[in-house]
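**Q** Any chance you could fold what I've pasted below:
(chains A and B)
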Amino acid sequence: MALPRLIFVTGKGGTGKSTVSAALAAALARHGPTTLADIDGRLRAAALVGTIPTGPDSVRVSDSLDALALSARTELEAFIRRIVPISAISRRMLKSRTFGYVTAALPGLEAFLLLERLRIMAGDAALEDRFIVIDAPASGTALELLGVAAGVKGIAPAGTLNRLAGAVESFLTDPDRFGVIVTLAPEPLALREALETASALRDRLGIATVAAIMNRTPQPLFDDADLRALARVGAHARLARRRSREHKFARAALEQLRHAGLETIELPMMFTDTIGAGEVMRLSREIEAELLRR
Amino acid sequence: MKTPALALEKFRVVICLGPGGVGKTTLSAALAVSGAASGRAVDVLTVDPAPRLLDALGLVGDAAEPRDVPLAGVRRPRSAQANRGRLRALRLDPKRTFDAIVARHAPSQAARDAILENRIYRNISNALAGVADYMAMEKLLELAGDRATDLVVLDTPPAAEALDFLDAPRRLIELLNSRAVTLLSAPAGVLKSGLRVVDLAARAVLAAFDRVTGLNLLGDVQSFVRSFEGMYAGFAERARRADAMLRAEDTAVVVVTTAEAARISQANEFVDALGRAGLRVSAGIVNRVMPPLPDVAELENAKISAALKRKLTRNLSDYAALKRREAASLDSLRAALPAGAQLLVASDLGREPRSLADLMEIAKGLQVRNPAQTDA
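**A** This is a model prediction of the structure:
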């Protein structure tokens, strides 16, 4: 399976974006250099692989995996430092009011600069055959973020910003450089949001590579005969039906996702007391096996 | 034994804060419906409700002002008191709220038009996350100012941190501060000592952006700030009143979350931040908790095959692990909550709420989670 250089992981809140990002990065790191980047400021995925990056500088996790944290605000600060001819504009000078004026005057600029950073990172990654996994915000915020380039073109009809906006747009629509994974859990709301997000990514933003990871599918345990025989064990039957329902829903969801043209990897529900490094390792093996199979 | 959950009747304002995607809007609506069912005149201000919830509240179309929600489908105790209850719902529209404030408080027609037409102003509700928060507070002040209303429930915009909401008025007001305009509009040569470096920075940054974009941001910002001259004091005064309302005895601040580890740690940060800001959290609500697990003893005597028993035992132990994970989350939130705050759980409805009856069911299902309680 040919993967894009940079894989952007989004999905409905609570469907395990960070866990999936961490597991995907760990899977890729077994085959080559990989970077796990957080852009929502929560640093969950990095914590799951055992590190807490503090900024855009890579922190080493293992020989082939490193982690870093990006933020729109940091990118805006860096951009301002580049364009403002004041030597050493201090952090203190860039107080909230300055940012307030700039974001109000140029809505979407901060988010746009973050995308520009992703574009540059993907370019650098291609040179060293590295993959980048982004633990991104939930679908709504992610769609807004990915859609800002068009807005920036509108604001700045010419000049440096306009040129950069064009470059960002061709990055996002290039299947070799950029792809999105939408995470979901086997439940109606998450499925609907995943399908809507995927179609917005493709139709509205022209993003070519979109796939899905359905997280938390319980392994089947009961067949129909079991469920019939259970009619008289009250509460236990309810719990058995719950598992069976989730499993069946996952089957139907998989069908719908495929029908929508989304390649989907299914990950098992981790029936464990916590989600930690061990669980991420197990999930990364599942992902790796699926990627090698395709 | 069941302890009464969140004694709503003590409060005039309930503010639901919490991470995004945890069902804040649904719980806000549920609390409002239950308040109205108990006979109070309730308003609920929602932010970005899901389509089904909009239907349930009848908020289709334009709902920027309170609209009556018929309580016909809601079971109420038969009493004169309960019959007095009414529910109104509205959906926050930050831009329109801001426009209305400008229209109401602008010193002149010309000042009003200057603001409404300013390019920065037109962008501001979309560009600055804090604007929605600030407008929610302005709307809250307006709704709570109506003495005929007994209770206002406020759902808040999704935020990464509690302080985003609390800090919104200060940030917006700082932007509108008319003192800045003198600094920004003074020609560079006459800038004297005593000016704050932040304003020099703003000026330098905007000028640099003008060079790379070919726009006139500096000019736009100057006219934007100047157009708010004379209104600034009013904004500051209302922000002060909103802050006082958040701290009032009869205001409940409620932190809503789900039990996933990531959300719980975010909720804990909310609770800490609110505490540091001197706000008292009345309750933490964990939404969509798993139903209690069945008793393993029930399996002993069940008349089913040994093979099926083994499967059920395995199934129980699988879900028990998830239940322990959830219990650890609840414990962690409890530890973060201040003394006297309740930890409540709302069980998973198993479907999307689509009616007032569903919302009522959620409100009735709210239970206090006592420390020693285990149901695995």
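
**Q** For the residue of chain A most remote from its centre, list the residues it contacts.
**A** Of all residues in chain A, A:Arg232 has its C-alpha farthest from the mean position, at 44.4 Å, by C-alpha atoms, centre = their mean. By C-beta atoms under 8 Å, 6 or more residues apart in numbering or on different chains, A:Arg232 lies in contact with B:302-304. In short, each C-beta sits where N, CA and C put it, glycine included.

**Q** ok, and of the residues you listed, which contact chain A?
**A** Restricting the contacts of A:Arg232 to those near chain A by C-beta under 8 Å from any C-beta of the partner chain leaves B:302-304.

**Q** Can you give me the separation between the closest residue in space to B:Ala136 that isn't next to it in sequence and B:Val60?
**A** Across the structure, with C-beta to C-beta, 6 or more residues apart in numbering or on different chains as the measure, the residue nearest B:Ala136 apart from its sequence neighbours is B:Leu92 (5.5 Å). Between B:Leu92 and B:Val60 the distance is 16 Å, computed by C-beta to C-beta, to the nearest Å.

**Q** If you count surrounding residues, which of these two has more?
**A** Remark: of B:Leu92 and B:Val60, B:Leu92 carries more neighbours, 24 against 10, as counted by other C-beta atoms under 10 Å in any protein chain shown.

**Q** Which pLDDT does the model give that one?
**A** On the pLDDT scale, B:Leu92 is placed at 91.

**Q** wait, what's in contact with it?
**A** The neighbourhood of B:Leu92, defined by C-beta under 8 Å, 6+ apart, consists of B:45-48, B:64, B:132, B:135-136, B:139, B:157.

**Q** Which of those sits closest to A:Pro4?
**A** For the contacts of B:Leu92, the closest approach to A:Pro4 (C-beta to C-beta) belongs to B:Asp48, at 31.4 Å.

**Q** quick one, what contacts the closest one?
**A** With contact taken as C-beta under 8 Å, 6+ apart, B:Asp48 is in contact with B:25, B:91-92, B:157-158.

**Q** Number of residues surrounding residue 157?
**A** Answering for chain A, as no chain was given. If we define neighbours as other C-beta under 10 Å, then A:Pro157 has 11 of them.

**Q** wait, I meant chain B there
**A** Counted with other C-beta under 10 Å, B:Pro157 comes out at 22.

**Q** what's the spacing between it and B:Leu17?
**A** For B:Pro157, the distance to B:Leu17 (C-beta to C-beta) stands at 10 Å.

**Q** I'd like the contacts of A:Arg232 written out as a markdown table, with neighbour count and distance to A:Gly14 added.
**A** Below are those laid out as a markdown table (neighbours: other C-beta atoms under 10 Å in any protein chain shown; distance: C-beta to C-beta, whole Å):
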| residue | neighbour count | distance to A:Gly14 |
| --- | --- | --- |
| B:Ala302 | 17 | 34 |
| B:Lys303 | 7 | 39 |
| B:Ile304 | 18 | 35 |
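
**Q** could the residues you listed be laid out in TSV, adding secondary structure and pLDDT?
**A** Supplementary listing: the contacts of A:Arg232 in TSV, determined by DSSP: H, G, I helix; E, B strand; the rest coil; pLDDT from 0 to 100:
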residue	secondary structure	pLDDT
B:Ala302	coil	84
B:Lys303	coil	86
B:Ile304	coil	90
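
**Q** Quick check: of the residues you listed, which lies closest to chain A?
**A** Proximity to chain A was ranked across those by C-beta to the nearest C-beta; first place goes to B:Ala302, at 4.7 Å.

**Q** what residues are up against the nearest residue to that closest one once chain neighbours are set aside?
**A** Among residues not flanking B:Ala302 along the chain, A:Val233 sits closest, at 4.7 Å (C-beta to C-beta, 6+ apart). Taking C-beta under 8 Å, 6+ apart as the criterion, A:Val233 is in contact with B:298-299, B:302, B:304, B:312.

**Q** which one of those sits closest to A:Val102?
**A** A:Val102 lies nearest to B:Leu312 out of those, by C-beta to C-beta, at 60.8 Å.

**Q** Now for A:Ile275: which residues touch it?
**A** Remark: with contacts taken as C-beta under 8 Å, 6+ apart, A:Ile275 is in contact with A:19, A:48, B:261, B:325.

**Q** which residues sit in contact with the third one?
**A** Listed by C-beta under 8 Å, 6+ apart, the contact partners of B:Ala261 are A:274-275, B:325, B:329.

**Q** how near is it to A:Gly140?
**A** Taken as C-beta to C-beta, the spacing of B:Ala261 relative to A:Gly140 amounts to 22 Å.

**Q** Those residues of the stretch 101-250 of chain A touching chain B, which are they?
**A** Along the stretch 101-250 of chain A, the residues adjacent to chain B under the rule C-beta under 8 Å from any C-beta are A:101-108, A:138, A:155-156, A:158-161, A:188-189, A:218, A:221-222, A:226, A:229-230, A:232-236, A:238-240, A:242-243.

**Q** pLDDT at B:Ala186, what is it?
**A** 52.

**Q** Closest residue of the stretch 1-150 of chain A to chain B?
**A** Of all residues in the stretch 1-150 of chain A, the one sitting closest to chain B is A:Gly13 (2.8 Å; C-beta to the nearest C-beta).

**Q** what about the nearest residue to that residue once chain neighbours are set aside, neighbour count?
**A** On the basis of C-beta to C-beta, 6+ apart, the spatially nearest residue to A:Gly13 that is not a chain neighbour turns out to be B:Gly21, at 2.8 Å. Using other C-beta under 10 Å, B:Gly21 has 19 other residues around it.

**Q** Go ahead and report the secondary structure state at B:Gly21.
**A** Under the three-state scheme (DSSP: H, G, I helix; E, B strand; the rest coil), the conformation of B:Gly21 reads as coil.

**Q** follow-up on the earlier one: residues shared between the contacts of B:Pro157 and B:Leu17?
**A** By C-beta under 8 Å, 6+ apart, B:Pro157 and B:Leu17 have these common neighbours: B:Phe165.

**Q** returning to what we had before: in helices, which of the residues of the stretch 101-250 of chain A next to chain B fall?
**A** When helices are assigned by DSSP state H, the members of those inside them are A:101-105, A:155, A:159-161, A:188-189, A:226, A:229, A:234-236, A:238-240, A:242-243.
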